[in-house]
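Trainee: Have a look; sequence and predicted model below, questions after that.
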Amino acid sequence: MNNITKNLFLAALTAITISSCKKDETPAPEPVVTTLEQKTVSNLFANDSLGHYTFYSLRENTTVALSDSATTKWDIAFYSTKILINNGTSGPGSGGAAVVTQIFDEMISAPADSSIKTDNGTELAIPGGSGNGWYNYDPAAFIISPIAGRTIVVRTADGKFAKIEILSYYKNAPATPTMTDVSRYYTFRYKFQADGSKNLK
Amino acid sequence: MKIFYCFTILVFFCGLKFGAAQQVKSDSIYKKVEVHEVVVTATRSEEKIENIPAPVTIITSKEIQSAGFNRLNDVLAELNGAAVVDYFGRGLQMQGLDPAYTLIMIDNQPLIGRNGGTYDLSKIPLGNIERIEVVKGPSSALYGSEALAGVVNIITKKPEEGITSSTALNYGSNQTTELSENIGYSNKKFSTMIFGDGFYTSGYDLNKATLYLSGGRNLNGTVQTKTNYSLNSKYSFSLDARYYHEKVSNKDQFSENNVLQIFDLTDYTTEFSITPGIRANFNNNTTLTLNNFFTIYDYHSIINYADEGAIYYDDKFRHYLNKPEIIFDKKIGSRYRVTSGAGYTSEKVVTTRYDNDKHLTTSFAFAEAQATILKKMLLVAGGRMDHSSVYGYHFSPKVATQYTFSKKVRVFASWGTGFKAPDFRQLYLNFTNSVVGYSVFGSEELNAQLSLLQSEGMIAHVITDPAASGNLIPENSNSYNAGANVKVTEKLSCKVDVFRNDISDLIETQAIAQKTNGQYVYSYLNLDNVFTQGVQPDISFAVNKNISASGGYQFLNTGDKQVIADIKARKIFARDPITSYSYKVSLDNYGGLFNRSAHSFNIKLQYLDQKYHWGFSLRYIYRGKYGFADINGNSILDSPDEYVKGYGLINFATTKEFSKHFSVRATVNNVGGYTDTENIPSLSGRTYFVSLLLNFNNKNSK
């Protein structure tokens, strides 16, 4: 019995030594990577009470006035759960979008042009409807939740690329929204590539 | 004479000879009775527990009485490896499977009154229970549909010789009042037992902020009879009957057209069954049993406006089932036995939920053979064929073996399949929510209803082609069970059971089409494949003649195979609760199926003072943390906030027997007063009860 205890103790000791050895190892130097700056937009109001879309410029990281809606100053526009890009039936720009099942950080390059769609009146590049595009609707709880793991790649009005992850549809982005939370407040993070390449790291 | 002609009791007692040896003579929990542990559920005929190669548990009336349980759900909540879960009533989760997958029987006949798949165990009073047999693992090879996780068979008391009467009066928390009475008469040829039980509770409320009571007011009554007449040593007739009626009342408040209204919620449940039977005992080795089981389950749910009483919602559901059955049992020498049987089940449902009356029929035949070879090895093989008017043929095989090393050690292993037929709702539901506008159709209604909606231009697009998925088939399980029983000493015994169930073609709701109003049309499809597996050790120890202790534990592991494949393919995501950023779910985060505790255990201590005839029963029942709902939107259990905290309950009862006619019992359940208002409304907090038990027997009293 004593021997067993001793052996166990030795085994435990060895384990500790091994694990502490690991800790002492000097970590390999991290490769130097230049990454794009991540920006977060909070509580962007997109209520239909405004009577119009809320237009947004990803390059400038700011909203665009309604009077500029027919220009290429904006890249995406929000109206309740609907999201437009600046192209096709929605605007004069050369925008486009693809909703990709990939987490934001791993979306390091924009997909092929063929998979980037434009708005054509009946179908939007970022499709509406529960489960089709960026959100799920829970009819029992009346809650819109952005689908985890969906990243939206946006081609801006001037043909540059950006990636967006929508984080919340509710004011102040509660982790678990309830019916009493105020909806139609977008919170999203994005990265914008100004050099015209597809690199979205 | 004529009256008795149609009477019988059957399958479960093997002639008077055995029956007499098995009778428990008195209700006293102090009387040492050498109980012959014989079960009927595992083989459909009497078999000693040590000859059954399956995990079998017997709960005796003595245990029930000394623990001070109120209703059947209280008893089974303390069964090792089981949990009582709340979903349309208190149902039994066994081997990690939902209540819909355990067959519940009284005296070998099924209870069909299920709501949402659950048979509410709190409908069953305990005053006339002789013992409860629980067989874990699939028994579809004998019983057909529903017996995937196992079978619970409630065996009611048989009358003792002479006139007997036992009365129990129980009063306690929440104005819970129960009066039950058993009156029996028996002579050499004729015996009859009548049981009556009345139960009332005012309900309880954990959340005073809402009008809705956590536990509704409940008034119910049971009447049960069991009569047997032996014409001669060969033929006997029996008649079993049961009637149950329940009224559950509650209140709620919700808005209709933006006006807040108060509603009265009332649910009425009525159950009735009658089973006449004939039993022929050709010689000691051959018996033939013929019976006809008829039952009705009626459920009526009404929601009234509290002010003027007008009806807001009215739902009626009535299910009839009739089943003639013949069972033949033959022993060949001491080493072989064959049990076989056949029957025909016809069912009808009349309800406001379906278009018109629905019928279905199932014919079945089963056989099981048992052989003892090399003195120590037992082999069992059997199977059952069901033929349904809806899903066609279904075969359920089973094989099992046991090896007895000595009187102290036996090991067994079995393989079998179980199945659960699609229920009426999954086949025939025709429901459209008039407020929100979605529809749910049973699989047999879907094509016609979808075409109708299409012709009315109400369908925007079809998501899943109903023709591609075909007709609903039964849910199937493939199960392995193995176990070992070791009697270490006269006082100490241990057992361990391991199990694995692979269940395929689980029936789930699925969106079939989207309507032009944006809502969906749902139906039922055979979709998911899940597994449950676990290990369950038990230990029991008789410290001395007064004190006994036992402990049990279950480790349970469950999962959805598609979810696991998707996680491995890195296709399942979740959101960080702080940053809301998406991340990929890893297999380590996956908690398996909802509502399953990975760890659960119980410790029980019983003291029975043989000299002064008092005693107590103290139990600690622990249920480990379990998932209750998806919060982070990926529909799987993967995040710490999706779990209900684990909790333990201490239950205590003490009994003093003043004479063989009169005992008093005091009970405190949930001594620690544990509650979880949000997640476990079925747990009422600490409760107290006092019970008076009266026994009378004209023979005993002489």
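Mentor: Structure's in. What do you need?
Trainee: From one end of stretch A:165-175 to the other, what's the distance?
Mentor: 15 Å (Cα to Cα, to the nearest Å).
Trainee: mean confidence score for it?
Mentor: The average pLDDT within stretch A:165-175 is 93.
Trainee: Over to stretch B:275-295?
Mentor: Mean predicted lDDT for stretch B:275-295 stands at 94.
Trainee: buried stuff in it?
Mentor: B:275-279, B:281, B:287-295 (16 or more other Cβ atoms under 10 Å in any protein chain shown). C-beta coordinates here come from the backbone N, C-alpha and C atoms, glycine included.
Trainee: With stretch B:535-551 instead?
Mentor: Buried-residue list, stretch B:535-551, by 16+ other Cβ under 10 Å: B:535-539, B:542, B:548, B:550-551.
Trainee: Leaving out the residues flanking it, which one is nearest to residue 156?
Mentor: This is for chain A. Spatial nearest neighbour of A:Thr156, chain neighbours left out: A:Asp75 (4.2 Å); criterion: Cβ to Cβ, 6 or more residues apart in numbering or on different chains.
Trainee: was after chain B, sorry
Mentor: Computed as Cβ to Cβ, 6+ apart, the closest residue to B:Thr156 that is not its neighbour in sequence is B:Asn128, at 4.8 Å.
Trainee: Now for that neighbour, how many residues are close by?
Mentor: Other residues near B:Asn128 come to 26 when the count uses other Cβ atoms under 10 Å in any protein chain shown.
Trainee: do the same with A:Asn172
Mentor: So A:Asn172, with other Cβ under 10 Å, has 12 neighbours.
Trainee: what's the nearest residue to it if we skip its chain neighbours?
Mentor: A:Asn43 is the one closest to A:Asn172 (Cβ to Cβ, 6+ apart), at 6.7 Å.
Trainee: In contact with the one you found, which residues are there?
Mentor: Listed by Cβ atoms under 8 Å, 6 or more residues apart in numbering or on different chains, the contact set of A:Asn43 reads A:171-173, A:185-187.
Trainee: How about the residues of chain B by chain A?
Mentor: B:436, B:438, B:514, B:519, B:571-575, B:577-584, B:631-634, B:641 (Cβ under 8 Å from any Cβ of the partner chain).
Trainee: Tell me where the stretch 51-200 of chain B has helices.
Mentor: All helices of the stretch 51-200 of chain B, identified by DSSP state H, counting those that start in this stretch, fall at B:61-67, B:72-76, B:140-143.
Trainee: now chain B
Mentor: B:2-5, B:15-22, B:61-67, B:72-76, B:140-143, B:424-428, B:443-455, B:466-469, B:561-568 (DSSP state H).
Trainee: Check chain A too.
Mentor: Going by DSSP H, chain A shows helices at A:2-24.
Trainee: Least confident secondary structure element in it?
Mentor: One helix or strand of chain A scores below all others by mean pLDDT, DSSP states H and E: helix A:2-24, with a mean of 44.
Trainee: Enumerate the residues of chain A near chain B.
Mentor: Checking chain A against chain B by Cβ under 8 Å from any Cβ, the hits are A:101, A:103-104, A:129, A:136, A:139, A:145-151, A:165, A:167-168, A:173, A:175-176, A:187, A:189.
Trainee: These in strands, which ones?
Mentor: A:101, A:136, A:145-146, A:150-151, A:165, A:167-168, A:187, A:189 (DSSP state E).
Trainee: for the chain, which spans come out with low pLDDT?
Mentor: Assuming you mean chain A. A:1-33 (pLDDT under 70).
Trainee: wait, chain B
Mentor: Using pLDDT under 70, chain B drops low at B:1-36, B:468-469, B:699-702.
Trainee: In chain A, which residue sits nearest chain B?
Mentor: Taking Cβ to the nearest Cβ, chain B has its nearest neighbour within chain A at A:Gly149, 2.9 Å off.
Trainee: Would you check how far apart that residue and B:Ala306 are?
Mentor: 47 Å (Cβ to Cβ, to the nearest Å).
Trainee: Then B:Pro466?
Mentor: 42 Å.
Trainee: So which of the two has more stuff around it?
Mentor: Taking neighbours as other Cβ under 10 Å, B:Pro466 and B:Ala306 compare with B:Pro466 leading, 19 against 16.
Trainee: list the contacts for B:Asn632?
Mentor: B:Asn632 neighbours (Cβ under 8 Å, 6+ apart): A:148, B:574-575, B:577, B:638-639, B:642.
Trainee: That one: what's its closest spatial neighbour, skipping adjacent residues?
Mentor: B:Ala574 (4.5 Å).
Trainee: In contact with that neighbour, which residues are there?
Mentor: Taking Cβ under 8 Å, 6+ apart as the test, what B:Ala574 contacts is A:148, B:582-583, B:585, B:589, B:632-634, B:638-639.
Trainee: Would you write out the ChimeraX command that picks the buried residues out of those residues?
Mentor: Here is the ChimeraX selection string for the buried members of those, based on 16+ other Cβ under 10 Å:
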select /A:148 /B:582,583,585,589,632,633,634,638,639
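Trainee: Which members of the contacts of B:Ala574 occur in strands, if any?
Mentor: Going by DSSP E, the strands hold B:582-583 from those.
Trainee: Turn the contacts of B:Ala574 into JSON lines, columns for distance to B:Ser451.
Mentor: Below are the contacts of B:Ala574 laid out as JSON lines (distance: Cβ to Cβ, whole Å):
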{"residue": "A:Ala148", "distance to B:Ser451": "37"}
{"residue": "B:Ser582", "distance to B:Ser451": "41"}
{"residue": "B:Tyr583", "distance to B:Ser451": "44"}
{"residue": "B:Val585", "distance to B:Ser451": "40"}
{"residue": "B:Asn589", "distance to B:Ser451": "44"}
{"residue": "B:Asn632", "distance to B:Ser451": "39"}
{"residue": "B:Gly633", "distance to B:Ser451": "34"}
{"residue": "B:Asn634", "distance to B:Ser451": "35"}
{"residue": "B:Asp638", "distance to B:Ser451": "40"}
{"residue": "B:Ser639", "distance to B:Ser451": "42"}
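Trainee: in stretch A:169-183, what's buried?
Mentor: Neighbour-count burial for stretch A:169-183 [16+ other Cβ under 10 Å]: A:169-171, A:173, A:177, A:181, A:183.
Trainee: Point me to the residue of chain B nearest chain A.
Mentor: As assessed by Cβ to the nearest Cβ, chain A sits closest to B:Phe573 within chain B, at 2.9 Å.
Trainee: I figured that residue hits B:Ser580, correct?
Mentor: No: counting by Cβ atoms under 8 Å, B:Phe573 stays clear of B:Ser580, with 12.0 Å between them.
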